[in-house]
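> all I have is the shape, not the residue letters:
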Ligand code: CAA
């Protein structure tokens, strides 16, 4: 067996989602903003958006998702030798979210632990670093836990407001993975300094040059794909699904259109009925079926791509066993990776462990007034000494309960 064959069996061994207890209906938001609901529902493709209270933060969501991945897939915390939390929504300029999560999950003291930040790219950076850690032999048979955890906030009455969301996806990266192996050769990267989306140290809210950010995303897709598979024009025909970073569902359509244009050799337009039909059919087959969780949760930044993977596995792990899929991660600023993965035979056995539908069904629909009050409370929450989860209707979980002597407090209630 050569080196590449050995590496081919590295990938995602476990996956789980965790998110806030409340959501906002996009029709309610559109009406409150005096916008035609069809713009949010069809123009952006979003139905609902997860909203975090001040007691639900990057740490609590990451710990919840991490515990679900370990328990749901029967993984002993002692087997985790690397913990990486990818996030744009850190809770401290210095102390990583990951070290809180390390304690909350009871991981081993010899587990290497750190946080990665590159807007929505942090988790993909963590995934590929973990694959390298395993391939180098440094893991000594242990697994890596990579958690994407973020709260997307653009603020009230901004163009980005309907593209907010919150949530965490935890994935265990291992040799002989049970869900998805990732090809270590057909993987390509892209980096370019651009001001398309950023969040200065003094701001809770992201700044975005929205339409430019879409252009930067598409440029990154083209370049990362060429780095992964070259200038080939027949990649899509061998794929059974194309997964993209999903800041809003319609972005996946724009991305898929761009991939098809790379193979088609020209622009696809509604005016050319035949080529537009080709695009619609390809999108419906390779992309649309796995976007329902994103449409109900919104943008979770680093975890968005992996949410589409959860959606695919919970619905089609059986029928797609052994088939190839593409994954594209984009982080503003910007960095991107395009890679090819293979659905592992038997992955459907884990459907119950990774399907978040029961969590989503249990969520509470927030009124616009509640949502706006939550955003206002969040602005003050880092400095408050005492926060009461029950005042937000929360119980039965781990919550941020205030900052005492400049130290964040986490409590199970
Ligand atoms: N019915 C149906 N569709 C409608 C409509 C109506 N009544 N009114 C408008 N639309 C359509 C528009 O035609 C448009 O569709 P197309 O893009 O297919 O043309 C769509 O709804 C959106 O309309 P606008 O472009 O006019 O919307 P906007 O200017 O208000 O803002 C946005 C859209 C730029 C995405 C904004 O929400 C934003 O800035 N979001 C944050 C930035 C972002 O998500 N960028 C994505 C790439 S960067 C990235 O991926 C990293 C990340 O996670 C942030």
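Everything's here; your move. Just so we're clear, the structure is a prediction, and the values are computed from it rather than from any experiment.
> how about residue 175, phi and psi?
Main-chain dihedrals, residue 175, degrees, to the nearest 10: phi -70, psi 150.
> state the distance from it to residue 183.
Residue 175 is 15 Å from residue 183, where distance means CB to CB, to the nearest Å. Placement of C-beta: from N, CA and C, glycine included.
> spell out which residues of this structure are next to the ligand.
36, 38-39, 42-44, 119-120, 159-160, 162-163, 196-197, 208, 210-211, 213-214, 217, 245, 247-248, 250-251, 299, 301, 330, 332 (CB under 6 Å from any ligand atom).
> how does it look with 5 Å?
36, 38-39, 42-43, 120, 159-160, 163, 197, 208, 210, 213-214, 217, 247, 332 (CB under 5 Å from any ligand atom).
> buried among these? Make that a ChimeraX selection.
Per 16 or more other CB atoms under 10 Å, the buried members of the residues of the chain next to the ligand correspond to this ChimeraX selection:
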select :120,160,163,197,208,213,214,217,247,332
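> please, which helix or strand holds residue 318?
Residue 318 is part of no helix or strand when elements are defined by DSSP states H and E.
> make that residue 147, sorry
Applying DSSP H and E, one finds residue 147 within strand 143-152.
> partner strands of that strand, with direction?
Strand pairing for strand 143-152, determined by DSSP bridges: strand 80-86 (parallel), strand 165-175 (antiparallel).
> who are the contact partners of the nearest residue to residue 283 once chain neighbours are set aside?
Nearest-residue entry for residue 283: residue 256, 5.1 Å, with adjacent residues in sequence omitted and distances by CB to CB, 6 or more residues apart in numbering. By CB atoms under 8 Å, 6 or more residues apart in numbering, the residues touching residue 256 are 242, 244, 279, 282, 283, 286, 287.
> how about the strands in the stretch 1-150 of the chain?
Counting by DSSP state E, counting those that start in this stretch, the stretch 1-150 of the chain has strands at residues 10-18, 22-25, 48-51, 80-86, 112-116, 143-152.
> redo the ones you listed as a markdown table? Include mean neighbour count.
A markdown table is the format used below for those (neighbours: other CB atoms under 10 Å):
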| stretch | mean neighbour count |
| --- | --- |
| strand 10-18 | 26 |
| strand 22-25 | 22 |
| strand 48-51 | 24 |
| strand 80-86 | 27 |
| strand 112-116 | 19 |
| strand 143-152 | 30 |
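> now render those as CSV, adding distance to residue 124.
Output for the strands of the stretch 1-150 of the chain, formatted as CSV (distance: least, CB to CB, whole Å):
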stretch, distance to residue 124
strand 10-18, 12
strand 22-25, 26
strand 48-51, 21
strand 80-86, 8
strand 112-116, 9
strand 143-152, 9
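> make TSV out of those and add mean pLDDT and distance to residue 201.
Compiled in TSV, these are given as follows (pLDDT from 0 to 100; distance: least, CB to CB, whole Å):
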stretch	mean pLDDT	distance to residue 201
strand 10-18	98	27
strand 22-25	98	27
strand 48-51	98	24
strand 80-86	98	19
strand 112-116	98	15
strand 143-152	98	16
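> report the two of the contacts of residue 256 separated the most.
Greatest spatial distance in those: 244 and 279, 14.6 Å, computed using CB to CB.
> out of the two, which sits in the busier spot?
residue 244 (29 against 20; other CB atoms under 10 Å).
> phi, psi of that one?
According to degrees, to the nearest 10, residue 244 has phi -130, psi 160.
> what's near enough to touch it?
Applying CB under 8 Å, 6+ apart to residue 244 gives the contacts 221, 251, 252, 255, 256, 287, 305, 308, 328, 330.
> ok, 6 Å please
252, 255, 328 (CB atoms under 6 Å, 6 or more residues apart in numbering).
> of all these, which comes closest to residue 346?
Residue 346 has its nearest neighbour among the contacts of residue 244 in residue 328, at 25.7 Å by CB to CB.
> quick one: the host helix or strand of the closest one to strand 10-18, angle?
In this assignment (DSSP H and E), residue 328 forms part of strand 324-331. Computed by axes from the mean of the first three to the mean of the last three CA atoms, to 10 degrees, the angle separating strand 324-331 from strand 10-18 equals 60 degrees.
> what does the very next helix or strand once past strand 324-331 rub up against?
Next along the chain after strand 324-331, taking DSSP H and E as the criterion, comes strand 335-343. Residues outside strand 335-343 that contact it (CB under 6 Å, 6+ apart): 118, 121, 124, 180-183, 186-191, 220, 224-225, 228, 320-321, 323-330.
> swap in stretch 257-274?
218, 221, 233, 236, 275, 276, 279, 282.
> in contact with the third one, which residues?
The one in question is residue 233. Contact analysis of residue 233 by CB under 6 Å, 6+ apart lists residue 263.
> quick check: residue 12 vs the ligand, distance?
For residue 12, the distance to the ligand equals 21 Å [CB to the nearest ligand atom, to the nearest Å].
> could you find the closest non-adjacent residue to that residue?
Per CB to CB, 6+ apart, closest to residue 12 is residue 180, 4.4 Å.
> next one: residue 195
residue 209 (6.6 Å).
> which helix or strand contains residue 385?
Going by DSSP H and E, residue 385 is not part of any helix or strand.
> residue closest to the middle of this structure?
residue 303 (1.2 Å; CA atoms, centre = their mean).
> quick one, what contacts that residue?
For residue 303, the contact set (CB under 6 Å, 6+ apart) comprises 148, 167, 168, 169.
> again, but for residue 212
With CB under 6 Å, 6+ apart, residue 212 has these contacts: residue 196.
> how much space between it and residue 201?
Taking CB to CB, one finds residue 212 at 22 Å from residue 201.
> ok, residue 349 next?
45 Å.
> of these two, who's got more company?
residue 349 (13 against 5).
> quick check, pLDDT for that one.
The score at residue 349 is 97. That number is its pLDDT.
> excluding covalently adjacent residues, which one is nearest to it?
With CB to CB, 6+ apart, the residue lying closest to residue 349 is residue 178, at 7.8 Å.
> tell me the phi and psi of the one you found?
Backbone torsions of residue 178, given as degrees, to the nearest 10, read phi -90, psi -10.
> count of neighbours near it?
There are 20 residues near residue 178, going by other CB under 10 Å.
> quick one: buried residues of whichever strand or helix holds residue 351?
Element membership for residue 351 (DSSP H and E) is helix 351-354. By 16+ other CB under 10 Å, the buried positions in helix 351-354 come out as 353, 354.
> which secondary structure elements does that helix contact?
In this structure, helix 351-354 makes packing contacts with helix 304-316, judged by 3 or more CB pairs under 6 Å, 6 or more residues apart in numbering; DSSP states H and E.
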